[in-house]
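Q: please work out how this folds:
(one chain, ligands or ions: 2)
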Amino acid sequence: MFSKETYMQRRALLKKTVGSGILLFLGNDEHGLNYADNAFRYRQDSTFLYYFGLAFSGLSAIIDIDEDKDVIFGDELTIDHIVWMGTQPTLKEKSELVGVTHTMPSDTIVSYLHKAAQKGQTIHYLPPYRAEHNLKLLELLGISVGHEKVSLDFIRAIIKQRSYKSQEEIVEIEKACDITADMHITAMKVLRPGMKEYEVAAALEAVAAAAGADLSFPTIATINGQTLHNHYHGNTVKPGDLFLIDAGAEVPMGYAGDMSSTIPADKTFTLRQKEIYDLQVAMHLESVKALKPGIPFVDVYDLSARVMVEGMKQLGLMKGDADDAVREGAHALFYPHGLGHMMGLDVHDMENLGEVWVGYDGKPKSTLFGRKSLRLARPLEAGFVHTIEPGIYFIPELIDLWKEEKRFVDFINYDAVEAYKNFGGIRNEEDYLITETGARRLGKKIPLTTDEVEALR
Ligand code: GLY
Ligand code: MN
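A: Numbers count the residues shown, from 1 in each chain. Ligands and ions are numbered 1, 2, ... in the order given. Modelled structure (predicted):
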């Protein structure tokens, strides 16, 4: 936990920005996996963590701006809880650690909000992303699923704060990034043909566990890297495969790391793998070079896509004008996702508040295949932390579909692409902090170039 002053300052700024009404924070509860006492890994809501710091289930909180009062609602543990879970500080003691002096039993929030509504106070709430949030909104405010009128003032005020990482947050993010880098470096050392994908996943996840960290999202460790979010780990690694890893650590304070790497199953890349890999590295490095305050991230994405098209033209896989190909969306056959996303307390930071507000500052998103998956497009500002993760993939079903539909035949040499349908996919990902003058990579460096990767094999 940070000092109580941090949480008090964060709440004070939020109150000032929203101006009036009541801000409602729904903490997350425990969830049974297959029965109540066998629960999923507990994760507090990130906005609750940011303003109230307490990673315990069964809590909710309000900031009553009109009364200038912050209240945490929860229940003291019973002797039964203590027998099974051990001694715990009281709710009052926990709340004092984050500078909150008012605590009330959990069931009193209903009458608090009821009275507030009767007084005509606006109750601001956030988009629900768990069934329990929907149930609570129904219980507390009588709002049923699909009828939410979430508060844009609240959402935008939070994004305005959480987008700019403080020095103490960067320290935590960098801890997560260092562990994340070690996870990837370990995988690069252990991967051998004949291993199961889950053995590699286990080796890298053990690094996070041994560092006292958790995972910031479910690990991707696959010989089928062309499937963007492939969580299946049951295949056997064969000679000649490319192995794609996208994995990250979450430190106890809740901050995330998120990196990707692509490793040859053999000790070296084949010539064909190296050609595509080098192109992906060029996309990555050109993007990193462009990072600075003021540049719209969509421009960096366009740049990465143009670099790819130029390289694919040299390999005989694409043709035509690169600018036109990118504008029209032909590159998305091989690069169907965005260039990166904000990262912080969530691996896709604040995504639950709405991508259009987090990544586009309220401007509309493209609906074009590929470009529509760009999570971050707005101009970068000092203090932003985001990923850089271009990729090149050969997705057989997508190639077949576009070929059949004769899509972008002026830009794509389908006959040449046919020979790559068994290639797989390549993605490398690093995490960056935008500084006053440019950008700084966060965490230890993981091998990126083919020489750097092969040196660990
Ligand atoms: N690391 C997974 C993702 O960025 O979607
Ligand atoms: Mn990512």
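Q: just the element for residue 286, please.
A: helix 271-290 (DSSP states H and E).
Q: contact partners of the following helix or strand past that helix?
A: Sequence-wise, the next helix or strand downstream of helix 271-290 (DSSP H and E) is helix 297-314. Contact partners of helix 297-314, identified using C-beta atoms under 8 Å, 6 or more residues apart in numbering, comprise 279-280, 282-284, 286-287, 290-291, 318-320, 322-323, 325-326, 330-331, 334-335, 338-340, 359, 371, 374, 376-380, 386, 390, 392, 411. Bear in mind the C-beta positions are built from the backbone N, C-alpha and C, glycine included.
Q: in helices, which of these fall?
A: 279-280, 282-284, 286-287, 290, 322-323, 325-326, 359 (DSSP state H).
Q: could these go into JSON lines alongside neighbour count?
A: Shown next, in JSON lines, are the ones in helices among the contacts of helix 297-314 (neighbours: other C-beta atoms under 10 Å):
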{"residue": "279", "neighbour count": "22"}
{"residue": "280", "neighbour count": "25"}
{"residue": "282", "neighbour count": "16"}
{"residue": "283", "neighbour count": "28"}
{"residue": "284", "neighbour count": "23"}
{"residue": "286", "neighbour count": "16"}
{"residue": "287", "neighbour count": "24"}
{"residue": "290", "neighbour count": "17"}
{"residue": "322", "neighbour count": "21"}
{"residue": "323", "neighbour count": "12"}
{"residue": "325", "neighbour count": "26"}
{"residue": "326", "neighbour count": "24"}
{"residue": "359", "neighbour count": "27"}
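Q: returning to what we had before: the helix holding residue 286 vs ligand 2: in contact?
A: No - shown here: helix 271-290 not in contact with ligand 2 (C-beta under 5 Å from the ion), separated by at least 12.9 Å.
Q: against which helices or strands is the helix or strand hosting residue 186 packed?
A: Using DSSP H and E, residue 186 sits within helix 167-190. Judged by 3 or more C-beta pairs under 8 Å, 6 or more residues apart in numbering; DSSP states H and E, helix 167-190 is in contact with helix 197-210, strand 242-247, strand 249-250, strand 259-264, strand 430-434.
Q: just send those back as CSV, with distance to residue 351 too.
A: As requested, the helices and strands packed on helix 167-190 are exported to CSV (distance: least, C-beta to C-beta, whole Å):
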stretch, distance to residue 351
helix 197-210, 21
strand 242-247, 16
strand 249-250, 15
strand 259-264, 18
strand 430-434, 16
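Q: and of the ones you listed, who's closest to residue 47?
A: In terms of C-beta to C-beta, the element of the helices and strands packed on helix 167-190 nearest to residue 47 is strand 249-250, at 15.9 Å.
Q: returning to that earlier point: relative to strand 259-264, how tilted is the helix holding residue 286?
A: Angle between the axes of helix 271-290 and strand 259-264 is 160 degrees (criterion: axes from the mean of the first three to the mean of the last three C-alpha atoms, to 10 degrees).
Q: which other helices and strands contact helix 271-290?
A: Going by 3+ C-beta pairs under 8 Å, 6+ apart, helix 271-290 lies up against strand 259-264, helix 297-314, strand 385-388, strand 391-393, strand 425-427, strand 430-434, helix 450-455.
Q: tabulate these (CSV), appending mean neighbour count and mean pLDDT.
A: Converted to CSV, these look like this (neighbours: other C-beta atoms under 10 Å; pLDDT from 0 to 100):
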stretch, mean neighbour count, mean pLDDT
strand 259-264, 24, 98
helix 297-314, 21, 98
strand 385-388, 25, 98
strand 391-393, 25, 98
strand 425-427, 24, 98
strand 430-434, 23, 98
helix 450-455, 14, 98
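Q: can I get these in TSV with distance to ligand 1?
A: As requested, these are exported to TSV (distance: least, C-beta to the nearest ligand atom, whole Å):
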stretch	distance to ligand 1
strand 259-264	7
helix 297-314	14
strand 385-388	6
strand 391-393	10
strand 425-427	9
strand 430-434	10
helix 450-455	19
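Q: residue 344: which of these is closest?
A: Of the helices and strands packed on helix 271-290, nearest to residue 344 by C-beta to C-beta is strand 385-388, at 6.0 Å.
Q: is any part of the closest one close to ligand 2?
A: Yes - Strand 385-388 is in contact with ligand 2 by C-beta under 5 Å from the ion, via residue 387.
Q: dump that strand to CSV, keeping only the CA atoms.
A: The C-alpha trace of strand 385-388 is given here as CSV (Å, rounded to 0.1, in the frame of the first residue of the first chain):
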residue,chain,number,x,y,z
VAL,A,385,2.7,4.0,-19.7
HIS,A,386,1.8,1.7,-22.6
THR,A,387,3.0,-1.3,-24.5
ILE,A,388,4.5,-1.6,-28.0
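Q: quick one, what contacts the residue lying closest to residue 393 once chain neighbours are set aside?
A: In space, and not counting its chain neighbours, residue 393 is closest to residue 425: 3.7 Å by C-beta to C-beta, 6 or more residues apart in numbering. By C-beta under 8 Å, 6+ apart, residue 425 lies in contact with 224-228, 242, 244, 262, 391-395.
Q: looking at this protein, which helix or strand does the model trust least?
A: Least confident helix or strand, the chain: helix 79-85 with a mean of 89, by mean pLDDT, DSSP states H and E.
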